[in-house]
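A.B. asks: What would the 3D arrangement of this be:
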Amino acid sequence: MLRGFAMGIAEVIPGVSGGTIAFISGIYTQLLDAIKAILSFEPITAFKKDGWKGLWVKIDGDFMLYLILGMVGGLVIGIFAITHLMESYPIPLWAFFFGLILASTWFIAKQIPVWNVPTMILFTVGAVLAYFYTVVSPTNGNEALWFVFISGTIAISALLLPGISGSFILLLLGMYAFVVGSVKNLLTDFNIGYLLVVGVFAAGCLLGLATFSRFLSWLFKIYPNQTLAILTGFMLGSLNKVWPWKIILSWRVNSQGEEIPFLEKSVSPFHSGIDNPQFLLALFLMVLGASLMFIFDRLELKRVQK
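C.D. replies: Numbering: from 1, shown residues only. Presented below is the predicted three-dimensional model:
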């Protein structure tokens, strides 16, 4: 539940993926296997053979139930607490996550028993791709239903990848405002047009979840070290997205009519564009975030040894 809680909070934060939290907390492959099982015919076969008990075991019911309950709690708390912290204390908040993810990269890299040329190349490729993702400029979207479907498939796939935020992928595709606006309008003013857009997007999400979870699960079973290497690179490259000190290059208007940052650039904490760098507080929170990973690692080691 605590891991799910952390994943739920992460989904509220732009640039931080729930997949990152699942990865650094040691439940990533178990989550992929559970999603793969749920979105297959295996539960039906298990139900026919062993009833509800067989179905529950096949979908890893206990794990998914507590994880989802935790995620719901994290989303609710995150909507109020994290959004407030982002608005009022952005630099300390991003500093904490920067330290957490940086230390996580080190601990995950330790899980690779042998670093050779292929793993180093994949690590570098993952880091470069993730960094490019953090600096690329968003494009103009396409409101055609086929593109809405593709956007859903890509966005939900990104949520499964550590270091990549599905909401930011929608922003890059130019579809964030359209999709979020359609969901909001459907809830406030029911309309067949909005229902069609949300339905097509949800169908794309289901396809992406079903196919990409299987692909990642297969990669972890067949090429575990290579997969860990490229995902570790993803996490390292994505650190630019959570760097605490940024200057805003341009703004955009969101679906609520609010003006929010659109393009940002990472700068030194002593850049002239940073009014109050809060350097010592940010440094302390970076160390705190990294220290939590050391604590989690020790607790996980003790749990495994038992």
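A.B. asks: So which residues of this structure form helices?
C.D. replies: 2-12, 18-24, 28-38, 42-58, 61-77, 83-88, 90-109, 117-135, 145-159, 166-172, 176-188, 192-222, 224-237, 279-305 (DSSP state H).
A.B. asks: looking at the ones you listed, which is buried most?
C.D. replies: When neighbours are counted by mean count of other C-beta atoms under 10 Å, the highest per-stretch mean among the helices of the chain falls to helix 18-24, a mean of 26. Where C-beta positions appear, they are placed from N, C-alpha and C, glycine not excepted.
A.B. asks: circling back: could you dump the helices of the chain to CSV with mean pLDDT and distance to P244?
C.D. replies: CSV is the format used below for the helices of the chain (pLDDT from 0 to 100; distance: least, C-beta to C-beta, whole Å):
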stretch, mean pLDDT, distance to P244
helix 2-12, 82, 17
helix 18-24, 76, 17
helix 28-38, 83, 26
helix 42-58, 85, 44
helix 61-77, 88, 22
helix 83-88, 76, 12
helix 90-109, 85, 4
helix 117-135, 89, 14
helix 145-159, 84, 23
helix 166-172, 68, 17
helix 176-188, 75, 23
helix 192-222, 85, 30
helix 224-237, 86, 17
helix 279-305, 79, 5
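A.B. asks: can I get these in CSV with distance to I247?
C.D. replies: CSV is the format used below for the helices of the chain (distance: least, C-beta to C-beta, whole Å):
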stretch, distance to I247
helix 2-12, 24
helix 18-24, 25
helix 28-38, 34
helix 42-58, 50
helix 61-77, 30
helix 83-88, 17
helix 90-109, 12
helix 117-135, 14
helix 145-159, 26
helix 166-172, 18
helix 176-188, 22
helix 192-222, 33
helix 224-237, 21
helix 279-305, 16
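A.B. asks: Which among those helices is found nearest to L249?
C.D. replies: L249 lies closest to helix 117-135 among those, at 10.8 Å (C-beta to C-beta).
A.B. asks: For the closest one, C-alpha coordinates in PDB please.
C.D. replies: Output of helix 117-135 as PDB, limited to C-alpha atoms (Å, rounded to 0.1, in the frame of the first residue of the first chain):
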ATOM      1  CA  VAL A 117      30.100  -3.100 -23.600                       C
ATOM      2  CA  PRO A 118      26.500  -3.900 -24.600                       C
ATOM      3  CA  THR A 119      25.100  -2.900 -21.200                       C
ATOM      4  CA  MET A 120      27.100   0.400 -21.200                       C
ATOM      5  CA  ILE A 121      25.900   1.200 -24.800                       C
ATOM      6  CA  LEU A 122      22.300   0.500 -23.800                       C
ATOM      7  CA  PHE A 123      22.700   2.600 -20.600                       C
ATOM      8  CA  THR A 124      24.000   5.500 -22.700                       C
ATOM      9  CA  VAL A 125      21.200   5.200 -25.300                       C
ATOM     10  CA  GLY A 126      18.600   5.200 -22.500                       C
ATOM     11  CA  ALA A 127      20.200   8.300 -20.900                       C
ATOM     12  CA  VAL A 128      20.400  10.200 -24.100                       C
ATOM     13  CA  LEU A 129      16.900   9.300 -25.200                       C
ATOM     14  CA  ALA A 130      15.500  10.400 -21.800                       C
ATOM     15  CA  TYR A 131      17.400  13.600 -21.800                       C
ATOM     16  CA  PHE A 132      16.200  14.400 -25.300                       C
ATOM     17  CA  TYR A 133      12.700  13.700 -24.100                       C
ATOM     18  CA  THR A 134      13.100  16.400 -21.300                       C
ATOM     19  CA  VAL A 135      14.200  19.100 -23.700                       C
END
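A.B. asks: my guess is S157 contacts L207, does it?
C.D. replies: No: using C-beta atoms under 8 Å, S157 is not in contact with L207, being 9.5 Å away.
A.B. asks: Just tell me which of the helices of the chain ends up closest to L263.
C.D. replies: With C-beta to C-beta as the measure, helix 117-135 is the member of the helices of the chain nearest L263 (9.1 Å).
A.B. asks: starting at the chain centroid, how far to that closest one?
C.D. replies: Centroid displacement of helix 117-135 relative to its chain, using C-alpha atoms, centre = their mean, to the nearest Å, is 17 Å.
A.B. asks: cool, stretch 228-244 as well?
C.D. replies: With C-alpha atoms, centre = their mean as the basis, stretch 228-244 stands 11 Å off its chain's centre.
A.B. asks: which stretch among the helices of the chain comes nearest E264?
C.D. replies: helix 117-135 (9.4 Å).
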